[in-house]
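Q: Here's my sequence, what's the structure:
(one chain, ligands or ions: 1)
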Amino acid sequence: MHEVSLADNIIKIIKAEMEKHGIEKVQSITLQAGEMHHVEPEALRFGFKILSQDTPLEGAELIINKVPTKAKCKACGHIFQVNDWMDNCPECEGVEIEIVSGRELEILEFEGE
Ligand SMILES: [Zn+2]
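A: Residues are numbered from 1 along each chain as shown. All right, here's what the predicted structure looks like:
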């Protein structure tokens, strides 16, 4: 279950940020989660809820922004959404593609006081 280790990482990062900025309570945390990571929001929220118990992050809302996997065709420059690894460019049938989004896995922002 990689959602649990992800939740653990989020908590560690936010805790460090809270200390840095003197924040005592967190209301919400916004994440960018690329589809390539196959993050299950329910599993992540569950892991976060358990791991954040009795910490200043308890009760914080997790907002998960899914980022679709997109690729750019190296031949014609067309950018398209990838549904399958075997997808060719829909414009020119090019097979050389480069992933341009969908790999993100990061904390975008958090709100606290
Ligand atoms: Zn193309």
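
Q: Show me what counts as buried in stretch 33-52.
A: By neighbour count on 16 or more other C-beta atoms under 10 Å, the buried set for stretch 33-52 is 33-37, 39, 44, 47-48, 51-52. Placement of C-beta: from N, CA and C, glycine included.

Q: Which element, helix or strand, includes the most centrally placed residue in the chain?
A: Within the chain, the residue whose C-alpha comes closest to the C-alpha centroid is Ala33; the distance, by C-alpha atoms, centre = their mean, is 2.0 Å. Mapping Ala33 onto the secondary structure by DSSP states H and E places it in strand 26-34.

Q: which helices and strands sit right next to that strand?
A: Packed against strand 26-34 by the contact rule (3 or more C-beta pairs under 8 Å, 6 or more residues apart in numbering; DSSP states H and E) you find helix 2-21, strand 61-67, strand 105-112.

Q: Run the angle between the second one and helix 2-21 for me.
A: This means strand 61-67. Computed by axes from the mean of the first three to the mean of the last three C-alpha atoms, to 10 degrees, the angle separating strand 61-67 from helix 2-21 equals 120 degrees.

Q: Given the next helix or strand after strand 61-67, what are its sheet partners and their directions?
A: In the C-terminal direction, the helix or strand that comes right after strand 61-67 (DSSP H and E) is strand 70-73. The strands beside strand 70-73 in its sheet (DSSP bridges) come out as strand 79-81 (antiparallel), strand 97-101 (antiparallel).

Q: who's in contact with strand 70-73?
A: Strand 70-73 is contacted from outside by 78-82, 87, 89, 91-92, 94, 96-102, using C-beta atoms under 8 Å, 6 or more residues apart in numbering.

Q: Taking those residues, please make a PyMOL selection of just the buried ones.
A: This is how PyMOL selects the buried members of these, with burial counted by 16+ other C-beta under 10 Å:
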select buried, resi 80+82+89+94+97+101+102
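
Q: From the contacts of strand 70-73, pick out the ones that also neighbour the ion.
A: Restricting those to those within reach of the ion (C-beta under 5 Å from the ion) leaves 78, 89, 91-92, 94.
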